[in-house]
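# coordinates only, sequence not included:
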């Protein structure tokens, strides 16, 4: 084309964006600006839709360009800006809501973009009520997003109210997406009769309703029923959708059912889906990986790479799969390949790779402080250091590879909105470093800052473990007692074990035994708790309590090699070699083996095993 005007550029950019080639659409936009062609509101509508997968810095640059040209007040551009921030991998609802608030007109499209990505359901419903009060009109798409948000099993009453409102507006009979959202709602909440009634109200022959019911049953791990419906659907001449196939593959991942995953893979190949859907390829890789077949997962990824269709989603699935299977060095190799070939990592990539870097199973430079620091640089460069998931992964990784409390504290400080997981990771990191006071102080700060949110037992467990490691009995007692009384957190076996260990290490062996004995059944009266008591008895010479703990341990786990060895060691320590030998004889011979420990020292990026005297590093 000899002369390219703004209309021709807009058509090309919009076409590539709609066809799923966002990178090409963005490159075309850059060429258009470089050629001196001034953008219109139609240009930005397409470019902003394509930019959802880019970094925060690039998104902000586009936003600045929109404001500079004065098109931010245009309703189409405003809706596209809202959608950009809601659809980004970072998930930035606050920025999207700020853009929406600045729009002179709150359009249905802009509000729908918010509803689509806003969670949990409480926020969705609150936003919906606020926009209704401001006179915004909502359509079937709006109600389908709201109904899907209520399909978590905890918002059935609100879902029924939305059902009534959508019926009054004539959307149930006239909008297929609302009808199928109702099927999802009732099926997800376990109301199968209501789900069947909602499905029956859909016009006969609608394939979407079939796929909805199959997907919901698969999501609930009702595999037999899902497969029965799936076969009936195919027998009736209906073509399954990617959604139902992905739901069945996700069920295969959760239940570790390799046969189911292979079956769905075969169906996908026969139907021609395999080469066309990134979501299906990602689900296949995840299913094979979760079932322990890393070779098949890697083969799928290599097929995609050979076809030139490598995507962020499939790269993330493979990295996560390799970490799950313990192939740490391979996970780093995939990360290196994807970054070299221009696939930009997101928070999922970095979180998975950080788990690999902090894994003790790696004997290469991958699991080192240097590697964690490099990944931290990636996070800062991409604007992801403030993401809660990345921050918590950084905190955990630094604490496991010797980064120290300062690095963990910085990662926590960089988080934009640190959540419960971030605080828990930091508390655990301080505990590993022996900084019990700092861990307890952080726990108290978290309780104060998140007073209105529900705490969980994991955070308290990490704080108790920090007290145990540092010998802080008074603080541990206070946290243990406050869990149920002040915060409504249920005590479980792990908390009793940790508290028994804390008391035992401090020499309060009798108090530890009494704590275990008065614990409710199924919590403290467990072999692990008695094991902690018995370990303390051996250290502090409490023979009487030790005999009680040994008897309780043998009553609960008479065939456990670990329990038998511990009890045998106790009797040997109190000069009863005959009893010790008798207990050892109870262990099956194949089980009686000792696994040697292994430690390394890192010096100037070289790693040495502690048993090595040759001064030759494990890695150059």
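Structure's in. What do you need? Note that the structure is predicted; figures quoted are calculated from it, not measured.
# so where's the stretch 1-150 of the chain uncertain?
When the per-residue scores of the stretch 1-150 of the chain are filtered using pLDDT under 70, the ranges that remain are 1-3, 20, 53-55, 89-91.
# mind jotting down where the helices sit in it?
Assigned by DSSP state H, counting those that start in this stretch, the helices in the stretch 1-150 of the chain fall at 6-18, 22-34, 41-50, 56-68, 75-87, 93-102, 108-117, 121-133, 140-149.
# for the stretch 151-300 of the chain, give me the ranges with low pLDDT.
Answering for the stretch 151-300 of the chain: the residues below the bar, that is pLDDT under 70, span 174, 200-209, 220, 274-276.
# the same query, at a cut-off of 90, please.
Scanning the stretch 151-300 of the chain for pLDDT under 90 picks out the ranges 151-156, 165-248, 250-255, 264, 267-282, 292, 294, 300.
# need the contact list for the spatially closest residue to residue 115 that is not a sequence neighbour.
For residue 115, ignoring the flanking residues on the chain, the nearest one in space by CB to CB, 6 or more residues apart in numbering is residue 145 at 4.2 Å. For the C-beta atoms, the positions are set from N, CA and C on the backbone; glycine is no exception. With contact taken as CB atoms under 8 Å, 6 or more residues apart in numbering, residue 145 is in contact with 112, 115-116, 124.
# next: residue 93.
When the contact criterion is CB under 8 Å, 6+ apart, the partners of residue 93 are 85-86, 114, 117-118, 123.
# and the protein, what are its domains?
Domain assignment of the chain by automatic domain parsing yields the ranges 1-117, 491-587.
# any chance of the ones you listed in TSV, with distance to residue 157 too?
Output for the domains of the chain, formatted as TSV (distance: least, CB to CB, whole Å):
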stretch	distance to residue 157
domain 1-117	19
domain 491-587	30
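# one step back: among the contacts of residue 93, which ones are buried?
A residue is treated as buried here by neighbour count (16 or more other CB atoms under 10 Å); on that basis the buried members of the contacts of residue 93 are 85-86, 114, 117-118.
# out of those, which comes closest to residue 503?
Lowest distance from residue 503 to the buried ones among the contacts of residue 93 (CB to CB) belongs to residue 118, with 46.3 Å.
# number of nearby residues for the nearest residue in space to the closest one that is not next to it in sequence?
Closest residue to residue 118 apart from its sequence neighbours, by CB to CB, 6+ apart: residue 124 at 5.0 Å. Neighbour count of residue 124, defined by other CB atoms under 10 Å: 22.
# now do the contacts for residue 124.
For residue 124, the set of contacting residues under the criterion of CB under 8 Å, 6+ apart consists of 115, 118, 145-146, 149.
# among those, which one sits closest to residue 555?
Proximity of these to residue 555 (CB to CB) peaks at residue 149, which lies at 49.8 Å.
# hmm, that closest one is touching residue 116, no?
No: shown here, residue 149 and residue 116 do not form a contact pair, counting by CB atoms under 8 Å, at 9.4 Å.
# the two: which has the busier surroundings?
Each of residue 149 and residue 116 has its neighbours counted (other CB under 10 Å); residue 149 has more, 25 against 18.
# just the element for residue 501, please.
Taking DSSP states H and E as the criterion, residue 501 maps to helix 493-505.
# who touches that helix?
Defining contact as CB under 8 Å, 6+ apart, one finds that helix 493-505 is touched by 457, 460-461, 464-465, 467-468, 471-473, 476-477, 480, 483, 509, 511-513, 515-516, 519, 522-524, 526, 528-529, 532-533, 535-537, 539-540.
# which ChimeraX command selects the buried ones in those?
Command for ChimeraX that selects the buried part of the contacts of helix 493-505, burial taken from 16+ other CB under 10 Å:
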select :457,460,461,464,465,467,468,472,473,476,477,480,483,509,511,512,513,515,516,519,523,524,526,528,529,532,533,535,536,537
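# excluding residues flanking it in the chain, which one is nearest residue 411?
Distance criterion CB to CB, 6+ apart; nearest residue to residue 411, sequence neighbours excluded, is residue 394 at 4.0 Å.
# now swap in residue 210 and tell me
The shortest distance from residue 210 to any residue that is not its chain neighbour, by CB to CB, 6+ apart, is 4.5 Å, and that residue is residue 233.
# thought residue 214 was touching that neighbour, still the case?
Yes: when contacts are counted by CB under 8 Å, residue 233 is listed as touching residue 214 (6.6 Å).
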